[in-house]
Each structure stands twice: as C-alpha cells, then as structure tokens.
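J.: below is the sequence, then the predicted model.
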Number of protein chains: 2
Amino acid sequence: MTPNWIAVDWGTTRLRAWAMRDAQPLGARSSDRGMSALTPTEFEPALLDLIADWLPATGRMRVVACGMVGARGGWAEASYRAIPCPPIDPRRATSIPTRDPRLDVRILPGLSQAEPPDVMRGEETQIAGFLAGHPDFEGALCLPGTHSKWVRLSRGRVERFRSFMTGEIFALLAGQSVLRLTIGTARPDPTAVVQAGAQALADPHAAQSGLFALRAAALLRGLAPEQAAGRLSGLLIGAELAAARDFWQDAPTVIVGAPDLARLYETLLLAAGARTCQKDASALVLAGLAAARLDLPEDT
Amino acid sequence: MTPNWIAVDWGTTRLRAWAMRDAQPLGARSSDRGMSALTPTEFEPALLDLIADWLPATGRMRVVACGMVGARGGWAEASYRAIPCPPIDPRRATSIPTRDPRLDVRILPGLSQAEPPDVMRGEETQIAGFLAGHPDFEGALCLPGTHSKWVRLSRGRVERFRSFMTGEIFALLAGQSVLRLTIGTARPDPTAVVQAGAQALADPHAAQSGLFALRAAALLRGLAPEQAAGRLSGLLIGAELAAARDFWQDAPTVIVGAPDLARLYETLLLAAGARTCQKDASALVLAGLAAARLDLPEDT
C-alpha cells in the first residue's frame, strides 16, 4: 500500500510523522528537529529530510500538521481559534506555501481563551482524537505534562481550559535549583509522589512550605534522592490538582497522558473522590489529525 | 587606626570582609569568590587575596565568619545548632586550621530545625545583629530573598523558622522557563507586584493557575514584560505570605532585607492587616558578627 496523506505532530522539541493510508498508519518516523530548533525557512527541509521517500513522483501529497509548528516563530503562524468551540475546525487550517511542488501542507490552529488568558497548540488535536472515539463525552480531560492542560468538554466543544507549568517547574527545581544537590537525575518514587500529592491536595500551602524542606531533610536526616524527587513531584502535582478542582470535582475526568504519569494523577484523583480513568495519549494525536483530514477543504 | 579583628560574611556567591576596630568598621571589601566557586583548599588563599594587607606583621588576627563557608563542601563544616536556642553561641564557633600563622579563623554555625526539617546559614547572624539592637523583641522576622526565611523570636531565642524558595523560583521561571519569552530581564513593576500579591494572598491557588496565564496574556493581548515580571513576583511573594501566615498573623513582624524588596513585602503585609515595619539588612550581619566576637573563647 502507498500512503495517500501524511500526518505530522510538530512540537517544541520533537517532529513526528506518519505515512497514512486513510485512517491507517503505514509507517512512523521522528526527529529532534522541533520548532524551537528551527528558523522559519528550515521547516520545509526538516520535513523533507524525514518524509521525502513517502512523496509521489508526480502529484501532490497532503500533509496535515499540528503543534508549535503553527506558532509565531514557527513555520507560519496559524491564528488561534477562540473558545468555546469544537477543538478542530479543518476549514481554519492554514495552507503553507512550499518550494517543493509535491507538498500540500495544512497546519491546524490552536485554541485561545480570553479570560483568564490561556492558549494551547497541539492538545486541541489530542482532544479531537478523544472526541472522535467518545463524541458524547461530557466532563473533564486532564493532559498532564510539561504544561498540563485541564479542559471541560460539553456537546463536542471546549468550554474552558487552564494550563499549569507543573512539569516544567519540576524539571527546573530538580535540575537547576538548590534541590539539584538533593535530587539530581533521580527518578521520583511513586509512593512518595502519592503521599506528598495527598498532602498538597489537603493543604494549599504545602507546595510553598515543603520545597526547601526537601534540601533540609537531605542534610539533616539523609532523605534519599528518589524520595526527594517523589515528594517534589507530588507537592507540585497535588497543588495542580487543588487548583484545578473546579474541573474534576463534579464531572467524569479522563486523564490523557504517558501511562506512568497518568497513573499517578489517577491514584491521587481517585483518593480525592473523583470519578476518573486514564487513557494512553499516544494514539490520540493521530486520531485527531485523521479526523481533521476528512473535512479539509481542497486547496484554493 | 589599625584593625583588631576582621568580620567576614561568606555566602554562596559573595565574599565580604570588613576591617574592624572593636565595633567600628574601618574598611570593607568584597569579591565574587563565594562558597560555590571554591574547593576547600581554595578558601584560605581567597581570603588572603582580599585581606592580606589588613594583617599584622607579627601576631594573630582574629577572623569571625558566617554563612555557607561553614557548610559541608565549604572551608570546614560548622555543625548546625538545633533550635530552640539563641541565634548565635560563640562557644560553638569552629576554629579552622590555617597555613598562614597570622590567621585565627572562627566560623559561626548555622541553625537547624528537626520538624519540619529546615536549616539556615548566615541568617542566624543577621538575627543576632537584630537582637543586639532589640534584645526584648517578641515576634516575627522576615528575611526575604533567594531563600526567604521566616523566624519567630521569643526571649532572645529562635523558637521556629521556615524557608521559602521564592527568589530562586522567580529567577528560574523568569529566566529559564517558557516565561522567559515574555519576561526575560525585565524589572518587576511594583504596582503589578502588589496587585498580584494581594490576589495570591486571597486565593491560595493563584500561584499555580496564574503562571502560564502570563505567557498567554503576552501572546493574546501584549502584556508588557515589566507587568509580567511584576505579576510573577507578586504571585510568588503572595503565596509565600499566605503560607507564612502563622508567623505574622498575631505578632509584630519586622522585614529585614534589601529596601526595594522589603518595601513590597511591607506593603502587602500592611494591606493584609499585619503589624509590620522594615529594616535595612545591610548593617545587621556586621552587628551580629561584632556581638559574637565579644564572647568568643580564646584559641586552645
């Protein structure tokens, strides 16, 4: 089988591409040429380096892309769509001029929220992929990660959302603050994550008061690096869950993320009384891109 | 006049020394050879580079030092003293062997608290300097900075204390997280600090929910860098004040710090109903070192 379109998830640090035959992936490739490593003129060569042999000898190949590739400073800016709205509107995809005549590249825009101000790029496509499989879902999605996103969905639309810098703050504190002397590259102990997360959910000030205490506990009583990493992660995740309570308190909540991280969120939310389950995120971007592709207008 | 002792404040990033005649400074010098830039054998040369011409041709000169110079990995470890206790006990100063026979170096130890675990090194000397001028003070001290310290004092003793990583987290988020694209090296607007600080004092989740919103507000409506820096600083300071409420709520509170930063803390605390005033920190270390020097035991 030969591909009839190409799906692309182009984030800040990674470029991932799939050769597609309708809804079926025929092959997958990735590189580290994410948006932050490229100037605008370098996007087309970076894409061709990855997918050139998937292109036909003649004719055009449609490429549907999402993520930071559409940010200001990316390949071309795909203006945000303002919520409330469905996560994707293929008619609002931005068509990118290319030098190679075989490429027909469309970038899906992200979403914006006026008040409180918030934006997403890429997650809207995961949300669309989730809704493609659960069109009647009413409730909350949680997408944990570098910048966690909480989203309320109703009647197929994103009603509101909120971003948290949880993953990025963990990486900065563990790797670059005074806590690096205690944590370094240690992996968080899952039991410590859950204990500290429950503490931060119960006490909104724990994530402020409990950070330097990790360094002190290492100095005074030899707190192990994995325990310190776990407590740091738990304090930050618990503070996120406490601040996002209005998303999960009264609605079914699906956690969409890497399995290990999603399991920690699920454990803490279940203990807090939420109705929640987790779903592996890896297939959702592709499902969202495939759903968008079906409704793309022809090139003008 | 010739000096009869030398006062040294040796922190993580700075070395400061004063030539002293009893309680009077005759000269002051500093260098960037802080504890984190030195291996143990490099401390004595770094000190001599700064103060050699203050030393007598014959006889010994007493040097009284405080700060991270006494940490594990510093010149020599000066073991913590466990609170509750007076901030300084000169009998517990650590005498350091030196190659230069003219040096008689004593390092003052820091303080530790078992539960919740916490430590300080250097601030105990500022506290002693404050108590030297206010021996009957009953209440709270706040020492804002990279690692802010809150301290409760009673009958000349440190009863309890708590550290917050407020300044370090501000520097990491403003300079290295995604917020660097919005803030960079902009100076915080003081009005924005106070507004965001009051918001974080009233809403314990504001410091989680409000961070990524600064990036979004810059993208969507051109939030200025100084405003974003001010809001970031205010959210973090307000969260610290909320978490330290049990220190300032029911007791007179003195803020000891750099004047610009101390004024922001004072403004927020006064608005929250605290009885508070600020005091310039710069003279307090010296006053604490001078008080300690009077009670040092002779060398054995």
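T.: Everything's here; your move.

J.: only C-alpha atoms from now on, for both contacts and neighbour counts.
T.: Will do.

J.: quickly find the element holding A:Ala292.
T.: helix A:284-294 (DSSP states H and E).

J.: which other helices and strands contact that helix?
T.: strand A:5-10, strand A:61-66, helix A:123-133 (3 or more Cα pairs under 8 Å, 6 or more residues apart in numbering or on different chains; DSSP states H and E).

J.: quick one: closest of those to B:Gln113.
T.: Smallest distance to B:Gln113 across those (Cα to Cα): 44.5 Å, for helix A:123-133.

J.: hmm, who's touching the helix or strand following that closest one?
T.: The first helix or strand that comes after helix A:123-133 along the chain, using DSSP H and E, is strand A:139-143. Here strand A:139-143 makes contact (Cα atoms under 8 Å, 6 or more residues apart in numbering or on different chains) with A:123, A:148-154, A:247-248, A:251-257.

J.: tell me which of these fall in strands.
T.: A:148-154, A:253-257 (DSSP state E).

J.: can you tell me which of the residues you listed lies nearest to B:Gln113?
T.: The closest of the ones in strands among the contacts of strand A:139-143, once distances to B:Gln113 are taken by Cα to Cα, is A:Ser148, at 34.8 Å.

J.: I figured the closest one was touching A:Glu168, is that so?
T.: No: proximity of A:Ser148 to A:Glu168 does not meet the contact threshold set by Cα atoms under 8 Å, at 9.4 Å.

J.: any chance you could map the helices in chain A?
T.: For chain A, helices defined by DSSP state H occupy the ranges A:43-51, A:123-133, A:166-176, A:190-202, A:206-209, A:212-221, A:225-243, A:245-248, A:259-271, A:284-294.

J.: figure out which of those helices is closest to B:Glu44.
T.: Comparing the helices of chain A by Cα to Cα, helix A:212-221 comes nearest, at 25.0 Å.

J.: which strands and helices sit next to the closest one?
T.: Checked by 3+ Cα pairs under 8 Å, 6+ apart, helix A:212-221 has helix A:225-243, strand B:118-120, strand B:157-164 packed alongside it.

J.: so can I have a markdown table of these showing distance to B:Pro87, mean pLDDT and mean neighbour count?
T.: Output for the helices and strands packed on helix A:212-221, formatted as a markdown table (distance: least, Cα to Cα, whole Å; pLDDT from 0 to 100; neighbours: other Cα atoms under 10 Å in any protein chain shown):
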| stretch | distance to B:Pro87 | mean pLDDT | mean neighbour count |
| --- | --- | --- | --- |
| helix A:225-243 | 28 | 98 | 27 |
| strand B:118-120 | 10 | 98 | 24 |
| strand B:157-164 | 6 | 98 | 23 |
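
J.: got the residues of the stretch 201-300 of chain A near chain B?
T.: A:204-206, A:208-209, A:211-217, A:220, A:239-240, A:242-243 (Cα under 8 Å from any Cα of the partner chain).

J.: let's see it at 6 Å
T.: A:205, A:213, A:216-217, A:243 (Cα under 6 Å from any Cα of the partner chain).

J.: any regions of chain A where pLDDT drops low?
T.: A:299-300 (pLDDT under 70).

J.: rewinding a little: for the helix holding A:Ala292, which residues meet the burial criterion?
T.: Buried positions in helix A:284-294, judged by neighbour count with 16 or more other Cα atoms under 10 Å in any protein chain shown: A:284-293.

J.: quick one: contacts for the residue of the stretch 1-150 of chain A found nearest chain B?
T.: Ranked by Cα to the nearest Cα, the top residue of the stretch 1-150 of chain A for proximity to chain B is A:Asp118, at 4.8 Å. Counting by Cα atoms under 6 Å, 6 or more residues apart in numbering or on different chains, A:Asp118 touches A:112, B:213, B:216.

J.: right, and the last one touches A:Ala114 too?
T.: Translated: B:Ala216. No: the pair B:Ala216 / A:Ala114 is not scored as a contact, 9.0 Å apart, by Cα atoms under 6 Å.
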